[in-house]
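**Student:** Give the three-dimensional model of this entry:
(one chain, ligands or ions: 1)
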Amino acid sequence: MKQAVIITGTEVKGCTYHMKEAFLQGLGGAFEVTEFTLPRDMPHFCVGCKLCFFESESRCPHSDSVMPIWNAMLGADLIVFAAPVYVMRVPGQVKALLDHFGCHWMVHRPDPAMFTKRAVILTQSVGAPNAAAQKDIVTSLSWMGVPSIKRFGFGLMEGVIWDELSGRLKSRIIRKTKRFAKGFRSIKPARKSLKVRVLFFISKQMHKGVLKKETTPGADNRHWIEQGWLKGKDNSV
Ligand SMILES: Cc1cc2nc3c(=O)[nH]c(=O)nc-3n(C[C@H](O)[C@H](O)[C@H](O)COP(=O)(O)O)c2cc1C
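**Tutor:** Coordinates of the predicted model:
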């Protein structure tokens, strides 16, 4: 069975929650679903120790919270982020999680499993455009190598409390989100996009340059050599 991971950027069982539930219903049982809710499941800010960059993500002081989410993303056919818009951007708890994934950006140690992933970003706001908040997530996923990222956003307009929205609006949100989700029921792995290829090429040139200056390869270049993307100084791959 295909796997989906859903990361919801609020613990409130409000508008984001109902959108996420409608999306799940729209998937129609085609996926085994693993869910995480923020900040509950990853309540930490990056402390800037840089152990993930210089040594390993397993050395992160928050690896107990971060690694289960990262591993679920690696194993998923579909990665879903559902979040409200906070002050025109993604909520801090989502950004805090994305910060912890910096070591998996292509300028560091991308995981090739990401190069065929499909991702979905569900957002809603009371009225503000959703694009900037969605872009915060798109930027991270793109630099991690995810080639297919679809966005779906709503402007509630009527208010911010789910139970106070009109029945008409609630059913419109649910209907449209379910319909959007149906399109993912029979997904196949995505192809490496031109954007991902370009980012990978730029990152490879950068890593090559760094490798020339290194007496022994650092954690990032060891990864690139192990993956066969760069030749080691002794020509090892
Ligand atoms: C701290 C905070 C900041 C928000 N900022 C915006 C905003 O800039 N623009 C907007 O249209 N809605 C904003 N909202 C409303 C949310 O995007 C969302 O519509 C609302 O929280 C309902 O979703 P929920 O039930 O999932 O929390 C904000 C809400 C909160 C709590």
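
**Student:** quick one, phi/psi of whichever residue of the chain sits closest to the ligand?
**Tutor:** Of all residues in the chain, residue 14 sits closest to the ligand, at 2.1 Å by CB to the nearest ligand atom. Backbone N, C-alpha and C define where each C-beta goes, glycine included. Note on residue 14: its backbone torsions stand at phi -120, psi -130 [degrees, to the nearest 10].

**Student:** Burial check on the closest residue to it other than its chain neighbours, number of neighbours?
**Tutor:** Nearest residue to residue 14, sequence neighbours excluded (CB to CB, 6 or more residues apart in numbering): residue 162, at 4.5 Å. For residue 162, the count of nearby residues is 18 (other CB atoms under 10 Å).

**Student:** Residue for residue, what is the longest helix this protein has?
**Tutor:** Longest helix in the chain by number of residues (criterion: DSSP state H): helix 194-213.

**Student:** ok so, going back, state the pLDDT value of the residue nearest to residue 14.
**Tutor:** Per-residue pLDDT puts residue 162 at 97.

**Student:** pretty sure residue 25 is in a strand, no?
**Tutor:** No: counting by DSSP: H, G, I helix; E, B strand; the rest coil, residue 25 is not part of a strand but helix.

**Student:** Tell me which helix or strand the residue most central in space within the chain sits in.
**Tutor:** The geometric centre of the chain, computed from its C-alpha atoms, lies nearest to residue 141 (CA atoms, centre = their mean), at 5.0 Å. Assessed by DSSP states H and E, residue 141 sits inside helix 131-144.

**Student:** just checking, what packs against the longest helix of the chain?
**Tutor:** When contacts are defined as 3 or more CB pairs under 8 Å, 6 or more residues apart in numbering; DSSP states H and E, helix 194-213 sits against helix 131-144, helix 219-226.

**Student:** ok so, going back, residues touching the residue of the chain closest to the ligand, list them.
**Tutor:** By CB atoms under 8 Å, 6 or more residues apart in numbering, residue 14 lies in contact with 84, 160-162.

**Student:** swap in residue 18?
**Tutor:** Contacts for residue 18 were tallied using CB under 8 Å, 6+ apart; they are 162, 170, 173-174.

**Student:** Also within reach of the ligand: list those from the residues you listed.
**Tutor:** With CB under 6 Å from any ligand atom as the criterion, these include residue 162 near the ligand.

**Student:** so can I have JSON lines of the contacts of residue 18 showing secondary structure and distance to residue 1?
**Tutor:** Output for these, formatted as JSON lines (DSSP: H, G, I helix; E, B strand; the rest coil; distance: CB to CB, whole Å):
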{"residue": "162", "secondary structure": "helix", "distance to residue 1": "30"}
{"residue": "170", "secondary structure": "helix", "distance to residue 1": "30"}
{"residue": "173", "secondary structure": "helix", "distance to residue 1": "28"}
{"residue": "174", "secondary structure": "helix", "distance to residue 1": "25"}
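
**Student:** nearest to residue 205, of the contacts of residue 14?
**Tutor:** Using CB to CB, residue 84 comes nearest to residue 205 of those, at 38.6 Å.
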